[in-house]
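>>> Predicted coordinates and the sequence they were generated for:
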Amino acid sequence: MTRANTLAWAALMALTVLVFVLGESNAIAAAILLVAAGKFGIVAWQFMDLRHAAWPWAVGMSAFLLVACSVIVVLR
């Protein structure tokens, strides 16, 4: 594993603990969704190599994440 992968993995673990704490404290769902979106961004950027992809792919994934989270928040 590279250093960047190790740091991304550590961040994902920390965010997982944060989601658990937020869930146990009955936090608003939007906060948990925001953390989940951040985790998706880390996985897409680091492990799916989005950082090396053409810019339309990066913009498309970011737009998808924004639209999907917005729809979930609005429909909730």
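It's in.

>>> Tell me which stretches of the protein form strands.
Using DSSP state E, the chain contains no strands.

>>> Could you point out which residue ranges in it have low pLDDT?
For the chain, the stretches with pLDDT under 70 are 1.

>>> rerun that using 90 as the cut-off
1-2, 4, 22-34, 48-53, 58, 62, 69-70, 72-76 (pLDDT under 90).

>>> could you pull out the helices for it?
Under the criterion DSSP state H, the chain contains helices at 3-24, 29-42, 55-75.

>>> out of the ones you listed, deepest packed?
Each of those was scored by mean neighbour count; the highest is helix 29-42, a mean of 15, by mean count of other C-beta atoms under 10 Å. Where C-beta positions appear, they are placed from N, C-alpha and C, glycine not excepted.

>>> Check which helices and strands that one sits against.
With contacts defined as 3 or more C-beta pairs under 8 Å, 6 or more residues apart in numbering; DSSP states H and E, the secondary structure elements packing on helix 29-42 are helix 3-24, helix 55-75.

>>> Out of the helices of the chain, which gets nearest to M48?
helix 55-75 (8.4 Å; C-beta to C-beta).

>>> Using PDB, write out the CA atom coordinates for the closest one.
C-alpha atoms of helix 55-75 as PDB (Å, rounded to 0.1, in the frame of the first residue of the first chain):
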ATOM      1  CA  TRP A  55     -12.000  15.900 -16.200                       C
ATOM      2  CA  PRO A  56     -15.500  15.000 -17.600                       C
ATOM      3  CA  TRP A  57     -15.400  11.900 -15.500                       C
ATOM      4  CA  ALA A  58     -14.500  13.800 -12.300                       C
ATOM      5  CA  VAL A  59     -17.100  16.400 -13.000                       C
ATOM      6  CA  GLY A  60     -19.700  13.700 -13.800                       C
ATOM      7  CA  MET A  61     -19.000  11.800 -10.600                       C
ATOM      8  CA  SER A  62     -19.200  15.000  -8.500                       C
ATOM      9  CA  ALA A  63     -22.400  16.000 -10.200                       C
ATOM     10  CA  PHE A  64     -23.900  12.500  -9.600                       C
ATOM     11  CA  LEU A  65     -23.000  12.700  -5.900                       C
ATOM     12  CA  LEU A  66     -24.500  16.100  -5.600                       C
ATOM     13  CA  VAL A  67     -27.700  15.200  -7.400                       C
ATOM     14  CA  ALA A  68     -28.200  11.900  -5.600                       C
ATOM     15  CA  CYS A  69     -27.700  13.500  -2.100                       C
ATOM     16  CA  SER A  70     -30.000  16.400  -3.000                       C
ATOM     17  CA  VAL A  71     -32.700  14.000  -4.200                       C
ATOM     18  CA  ILE A  72     -32.400  11.900  -1.000                       C
ATOM     19  CA  VAL A  73     -32.600  15.000   1.300                       C
ATOM     20  CA  VAL A  74     -35.600  16.500  -0.600                       C
ATOM     21  CA  LEU A  75     -37.600  13.300  -0.700                       C
END
